[in-house]
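Participant: Just the structure for this:
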Amino acid sequence: MASPNSPQTDSTAVRIGSKLGKAFEQAESRIRDLAYQLFLGRDPGEGDAVTDWLDAQLQVLTPIELEVKDQKKNVVVEAILAGFSPQEIEVEVSGASLRVFGSHTQSTSDKKEGKTSSSSETVHFFQAVSLPCEVDVAASEATLLKNGKLKITLPKKLP
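Facilitator: Residues are numbered from 1 along each chain as shown. A predicted model of the protein is given here:
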């Protein structure tokens with residue numbers, strides 16, 4: 001089980017908490033700054049603040065698809081996150097909602113004619129979904145399988 005206070009002994013465990021961390025706040029700040037730049041760059045009579053925000057999100061965040069399965073005792077949520085490590089993924093569960101965020105930086109270096117050049121690219125994703133019922137956050141588990149599939153198992157709260 002991966003809870004906010006338990007040590008991660010399983011290398012595939014993903015932290016589940018009640019609040020997304022600093023990396024999410026940084027991505028959100030970049031979206032806010034970019035949306036403002038889009039606002040400043042457009043004609044006053046065209047577009048609106050919501051469109052600016054959504055356009056900025058598309059530029060900063062890579063969309064992912066979360067598949068929600070409502071089972072007898074659990075709600076299971078799955079996504080494909082190839083290239084990410086468990087430490088780069090954050091899961092927030094609150095009541096009957098789930099938010100998943102990730103940030104991955106890939107560095108490359110190229111050597112041509114005796115010169116080495118390096119570059120890095122950061123990929124962020126964020127997705128939020130409503131769950132079919134309230135879940136037990138403390139008993140929830142999230143794992144990243146070797147094939148890149150994120151599996152989040154959320155036990156349903158007993159009535």
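Participant: Helices of this structure, start to end?
Facilitator: 22-41, 49-60 (DSSP state H).
Participant: Reformat the ones you listed as TSV; add distance to S107 and mean neighbour count.
Facilitator: Every C-beta, even on glycine, is put in place using the N, C-alpha and C of the backbone. Listed next are the helices of the chain as TSV, based on distance: least, Cβ to Cβ, whole Å; neighbours: other Cβ atoms under 10 Å:
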stretch	distance to S107	mean neighbour count
helix 22-41	17	15
helix 49-60	19	15
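Participant: so can I have JSON lines of the ones you listed showing distance to L150?
Facilitator: Converted to JSON lines, the helices of the chain look like this (distance: least, Cβ to Cβ, whole Å):
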{"stretch": "helix 22-41", "distance to L150": "16"}
{"stretch": "helix 49-60", "distance to L150": "20"}
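Participant: Can I get the ones you listed in CSV including mean pLDDT?
Facilitator: Formatted as CSV, the helices of the chain follow (pLDDT from 0 to 100):
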stretch, mean pLDDT
helix 22-41, 91
helix 49-60, 91
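Participant: which phi and psi does L145 have?
Facilitator: phi -80, psi 160 (degrees, to the nearest 10).
Participant: shouldn't it be in contact with V14?
Facilitator: No - using Cβ atoms under 8 Å, L145 is not in contact with V14; the gap is 10.6 Å.
Participant: For L144, see how far away the residue nearest the centre of the chain is.
Facilitator: Note on the chain: the residue nearest the mean C-alpha position is F101, at 1.4 Å, using Cα atoms, centre = their mean. From F101 over to L144 the distance is 14 Å, taken as Cβ to Cβ, to the nearest Å.
Participant: V77 too?
Facilitator: According to Cβ to Cβ, V77 stands 13 Å off from L144.
Participant: cool, L34 as well?
Facilitator: Counting by Cβ to Cβ, the gap from L34 to L144 is 29 Å.
Participant: what pLDDT does L131 get?
Facilitator: L131 is assigned a predicted lDDT (pLDDT) of 96.
Participant: I misspoke; the intended subject was N5.
Facilitator: For N5, pLDDT reads 43.
Participant: ok so, going back, the residue nearest to the centre of the chain touches V123, doesn't it?
Facilitator: No - the criterion here is Cβ under 8 Å, and F101 misses it with V123 at 11.7 Å.
Participant: quick revisit: so which of the helices of the chain comes closest to V135?
Facilitator: helix 22-41 (20.5 Å; Cβ to Cβ).
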